[in-house]
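K.L.:
Structure, please.
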Amino acid sequence: MGYYNYRTTGNAVTLPYMVNGRMYMATPFFSLMKPTAPPEYRHEHIRRYWLVNDASYYLEARADLLAPIRRTSRTMWHFYFSTPLGLAILAGLLNFRRWDVRAALAIAAGTMLAIALERSALPHYLAPAFGALLVIAGVGIQAIWRLKIGDRQPGPPLMVAFMGICLALGLIMIQVEIYGAHQPKPPVAERPQLIQKLQRLGGQHLVIVHYSPQHDIHDEWVYNRADIDASDVVWAQDMGTERNRELLAYYPGRKVWLLEPDRAPVEIAPYAGSVEGIR
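P.N.:
This next block holds a predicted model:
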């Protein structure tokens, strides 16, 4: 990670996400930190994302310090514990006296406590502690298998039932994925196909994206590869005719397009004298 950070940001202990936060975030990562002056935003939808959507979590946490803990608990419960894995973890916790369960629980609890200090959390935030949860689950499965009640050993039948529940839930999730694949997708899902169309035309391209005032701030079209200038397709926000001229002068050899993703269907047309268009 240190080498990755060094090659990306120039500093082994500076995460790329920290650089992004310093440039765009209007509020601190942690709710206990004091608010800072927001940066200047050149685009309304970016301003709304950071000052309205993102900042709302921080403001809620500042007003109620327990709000992030409640939200984090709900998120983690639904993703990790309301599943067969949760049943195995519960069985493992019944063996709390084992040293490996205590160690794993300490690791998981420390990670969850750190997450609770943030203004909001998503399930993958707990990924560093997932190995500890698997240890507890493994102990639980082992305990179920070895369970004895008098002269009876109900462990094997319970394991068969447990595996049946896992299989049933797996089949349900497959059906959910199949159903979701046939649901209408947001316009931004067309972005990869649009890139392919532009690449088939040959040459290098510059796509200027113009959003409407009603644009969904979570459907972002404008992002680029690490080496932007070497990319076949470069994406940029529309800054208006006058301010776009600097960008056009920087990329004089590219075919320039105007993309309006909030139209139905999504439209892309030549911009600034380009003679070719696709749709």
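K.L.:
Excluding chain neighbours, give the residue nearest to Gln214 in space.
P.N.:
Asp262 (6.6 Å; Cβ to Cβ, 6 or more residues apart in numbering). Any C-beta I mention is one placed from the backbone N, CA and C, and that applies to glycine too.
K.L.:
residues contacting that neighbour?
P.N.:
Asp262 sits next to 187, 211-212, 214-215 when contact means Cβ atoms under 8 Å, 6 or more residues apart in numbering.
K.L.:
Which pLDDT value goes with it?
P.N.:
Note for Asp262: predicted pLDDT of 89.
K.L.:
now the protein, which segments are flagged as low pLDDT?
P.N.:
For the chain, applying pLDDT under 70 flags the ranges 272-279.
K.L.:
got the residue ranges for the strands in it?
P.N.:
Assigned by DSSP state E, the chain shows strands spanning 205-209, 233-237, 255-260, 267-270.
K.L.:
how about those in a markdown table, adding distance to Asp219?
P.N.:
Listed next are the strands of the chain as a markdown table, based on distance: least, Cβ to Cβ, whole Å:
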| stretch | distance to Asp219 |
| --- | --- |
| strand 205-209 | 11 |
| strand 233-237 | 13 |
| strand 255-260 | 13 |
| strand 267-270 | 15 |
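K.L.:
quick one on the thing from earlier: tell me which two in the contacts of Asp262 are the farthest apart.
P.N.:
Pro187 and Gln214 (12.5 Å; Cβ to Cβ).
K.L.:
Would you mind telling me which of the two has the busier surroundings?
P.N.:
Counted by other Cβ atoms under 10 Å, Pro187 and Gln214 do not tie: Pro187 has more neighbours, with 17 against 7.
K.L.:
was I right about that one contacting Asp219?
P.N.:
Yes: using Cβ atoms under 8 Å, Pro187 is in contact with Asp219, at 6.7 Å.
K.L.:
joint contacts of the two?
P.N.:
Jointly contacting Pro187 and Asp219 under the rule Cβ under 8 Å, 6+ apart are Pro261.
K.L.:
how much space is there between Val52 and Arg71?
P.N.:
Per Cβ to Cβ, to the nearest Å, Val52 is found 18 Å from Arg71.
K.L.:
Tell me who's in contact with the closest residue to Asp219 other than its chain neighbours.
P.N.:
Leaving out its chain neighbours, the residue that sits closest to Asp219 by Cβ to Cβ, 6+ apart is Val188, at 4.3 Å. Shown in contact with Val188 (Cβ under 8 Å, 6+ apart): 219-221, 261.
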